[in-house]
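>>> build me a model:
(one chain, ligands or ions: 1)
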Amino acid sequence: MEQRAVARQAEGGNAHIAPAPPLSLKQQKDALREGRIVGYHCEGCGHERITPMLRCPKCKGARIRSREFSATGTVVSYTIQSVASEQFLNEAPFAFALIQLDDGPRVSGWVPWIAKEKDLPLGQKVKYVSSYKPGMQFEKS
Ligand SMILES: [Zn+2]
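Next up is the predicted model:
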């Protein structure tokens, strides 16, 4: 019982013992608020992604480090959302886009005020902008 209590304390209320990720979600969120995109990098094979990984899904390696990616990228694909939830009413219509970061993985994000395909050609350069809205917001650069 005593050991469990110690583990719970170390994990911040979670009794499940797992290795600490190299980057906490809070640290990632704080960086995003400052306009920086940080994510996870596998030292074994170089696989990178924005969502947490304790083990690499590609090579099963456990040497995962945090890394700052570039905040600029290229639009790979997107869909236009003309019906928006309340949080995005002022930005609609917007594009929900897959973006290849210039130095980093592909991430999904959104670009406000995109109504037609010509508003956002594929290959368009975009940059990440810090936003209080959910998700990652990008704008044309
Ligand atoms: Zn790997």
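
>>> okay, CA-based contacts and neighbour counts for the rest of this
OK.

>>> in which helix or strand does residue 51 reside?
Under the criterion DSSP states H and E, no helix or strand holds residue 51.

>>> that one: how many residues sit nearby?
11 (other C-alpha atoms under 10 Å).

>>> quick one, what contacts it?
Going by C-alpha atoms under 8 Å, 6 or more residues apart in numbering, residue 51 touches 39-40.

>>> one more time with 7 Å
residue 39 (C-alpha atoms under 7 Å, 6 or more residues apart in numbering).

>>> residue 64 too?
22, 40-43, 54-55.

>>> how is this protein divided into domains?
Following automatic domain parsing, the chain resolves into domains at 19-69, 72-140.

>>> same list (these) but as a markdown table, adding mean pLDDT and distance to the ion.
As requested, these are exported to a markdown table (pLDDT from 0 to 100; distance: least, C-alpha to the ion, whole Å):
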| stretch | mean pLDDT | distance to the ion |
| --- | --- | --- |
| domain 19-69 | 93 | 4 |
| domain 72-140 | 95 | 13 |
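
>>> which residues of this structure fall in helices?
Under the criterion DSSP state H, the chain contains helices at 2-10, 25-33.
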